[in-house]
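[1] what follows is a predicted protein model with its sequence.
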Amino acid sequence: MFNTYNKYIRKIRTDDVFQNSLFITLATFSNAGVGFLFWIIAARFYSDASVGTATAIISSLTLIVMFARLGLHQSIIHFFPKEDKNKVFTTSIAISLLSSIFLGISYVYLSNYISGQFDLTFLSLSGILFIIFLLSSSSEGIMGRVFLSLKQGKHYFGQNILLGVRLLFLILFSLYSSALAIFAAWGMSFLISNVYSMFYLKKRNIWPSSISLDYLKKSFDYSWKNYIISILISSPNHILPIIVINLAGPEMAAYYFISHRIAQFAFTIPSSFSTSLFIEGSHGRNLKKGLIKSIGISSSVLLTFTTIIIVFGADILSIINENYVQGYEVLVLMSISGFFVMFFRFFLSIQRVRGNLRPVMIITGLLSGSLIALSYILIPKIGIIAVGYAWLIGYGISNIIIVFYMYIYLNISVSEKISELLEQI
């Protein structure tokens, strides 16, 4: 039995899907851990006003990066194995940087009209750093996708590990005790990560060449659909905190935010495996065995995580602060919804490989709309637990739609497929 176990472990460790998934998961956990420590240190060494302003600036930059990508980060994975790699890389990073410059300059110009607290002005240190860190963050994301496309998950992990240097900068810059110091500490880490990324991409013979208009035309349809999908998936994460703080107050918003951050750990494993399946499928690999293995591992981890949350969730929240236990029910419901999130993520990856994104856009739009609408309607009536129900119902409905789509349009009988999968496990 011990030999069989060792053989199984060795087989998993040499599997491309598992290897990439492992490094993506480690990178995600690393980011989450560093982010958590970053704000704890900031809260200890900086004033509340500085922390609040820095949070607003960093959130704004993150949103701009998301919009500036134009879906090209997903096209890299899809087209990298088939096209000239240097042209794909050059075109993707050039368009993303140009888009970032345009949106970044526009935002710096309008920031004082949006909020006088941001203190971003042209040709000042704050405005210049904002543009520099915006470009660094944008290029870091593109190069990370290139590493994943090359199946170099270890370098993707390396990128994210280096982002941890922001903790050191945060302590060093605490002498200035300002929002700009926090922002500078956060942004400097991207510059260091970029140096690391360019060094290893050069070793893999990936280097800027010329922009390919042919690739841009070829990838346009795929890119813009992924662009819409990415925005729809991400938007509830940015909109729900605003809804909660307006309808339930800042304290309840804090309880929801912490519960949501903990629940995000449940979604890390299926998200990592779905990305790996997308990569493998883009390289022309048969996804059947990888899908079975991914579902098995993801389900086991989700079951373990959800059980821990149900039994110990209140204790975990009370360690932060006794008041945060009020977010326990939200945490439990969002953790349970992880199983629905898993099914949605795997469906999304398979459809990205197939290039069949129109139904995904429709399903994602309905999902995003239901999460926001249900939360908005129910929070005044039942409090922040409404967000948990919204996640459970929203993703549950999306799964039902996916099952009907598979049965009607793809001629796949779900019960037959489940039986077939069980026979092969």
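    Great, that's in hand. Predicted, not measured: the structure shown is a model, and the values here were computed from it. Numbering: from 1, shown residues only.

[2] top helix in this structure by residue count?
    helix 213-247 (DSSP state H).

[3] flag every buried residue along that helix.
    215-216, 219, 222-233, 235-236, 240-241, 243-245, 247 (16 or more other C-beta atoms under 10 Å). For glycine as for every other residue, the C-beta is placed from the backbone atoms N, C-alpha and C.

[4] over to stretch 307-323?
    309, 313-314, 316-317.

[5] what about stretch 239-248, average pLDDT?
    Mean per-residue pLDDT for stretch 239-248: 73.

[6] CA atoms only for that stretch - export them in CSV, please.
    Only the C-alpha atoms of stretch 239-248 are listed here, as CSV (Å, rounded to 0.1, in the frame of the first residue of the first chain):
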residue,chain,number,x,y,z
ILE,A,239,-18.6,46.6,-6.4
LEU,A,240,-19.9,44.5,-3.5
PRO,A,241,-17.8,46.2,-0.8
ILE,A,242,-19.2,49.6,-2.0
ILE,A,243,-22.7,48.2,-1.8
VAL,A,244,-22.1,46.8,1.7
ILE,A,245,-20.6,50.0,3.1
ASN,A,246,-23.5,52.1,1.8
LEU,A,247,-26.3,49.8,2.9
ALA,A,248,-24.9,48.2,6.0
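
[7] quick thing: my sequence starts at 54, can you match it?
    Shifting the count to begin at 54 puts that one at stretch 292-301.

[8] contacts made by it with the rest, please.
    With contact meaning C-beta atoms under 8 Å, 6 or more residues apart in numbering, stretch 292-301 is reached by 305-306, 309-310, 313, 424-425, 428-429, 432-433, 436-437, 440.

[9] of the residues you listed, which is the nearest to Val456?
    Leu424 (19.3 Å; C-beta to C-beta).

[10] the helices in the stretch 104-253 of the chain, which residues?
    Secondary structure of the stretch 104-253 of the chain (DSSP state H, counting those that start in this stretch): helices at 125-132, 138-167, 178-202, 206-215, 219-225, 232-256.

[11] so which elements touch the second one?
    In this structure, helix 138-167 packs against helix 101-121, helix 125-132, helix 178-202, helix 266-300, with contacts taken as 3 or more C-beta pairs under 8 Å, 6 or more residues apart in numbering; DSSP states H and E.

[12] 10 Å instead?
    Secondary-structure packing of helix 138-167 (3 or more C-beta pairs under 10 Å, 6 or more residues apart in numbering; DSSP states H and E): helix 101-121, helix 125-132, helix 178-202, helix 232-256, helix 266-300.

[13] chain center to that helix: distance?
    Relative to its chain's centre, helix 138-167 lies at 19 Å (C-alpha atoms, centre = their mean, to the nearest Å).

[14] and stretch 384-404, by the same measure?
    The gap between the average C-alpha position of stretch 384-404 and the chain average comes to 14 Å, counting by C-alpha atoms, centre = their mean.

[15] quick one: mean pLDDT over it.
    Computed over stretch 384-404, the average pLDDT equals 85.

[16] residues contacting Gly88?
    Gly88 is in contact with 216-217, 219, 239, 314, counting by C-beta atoms under 10 Å, 6 or more residues apart in numbering.
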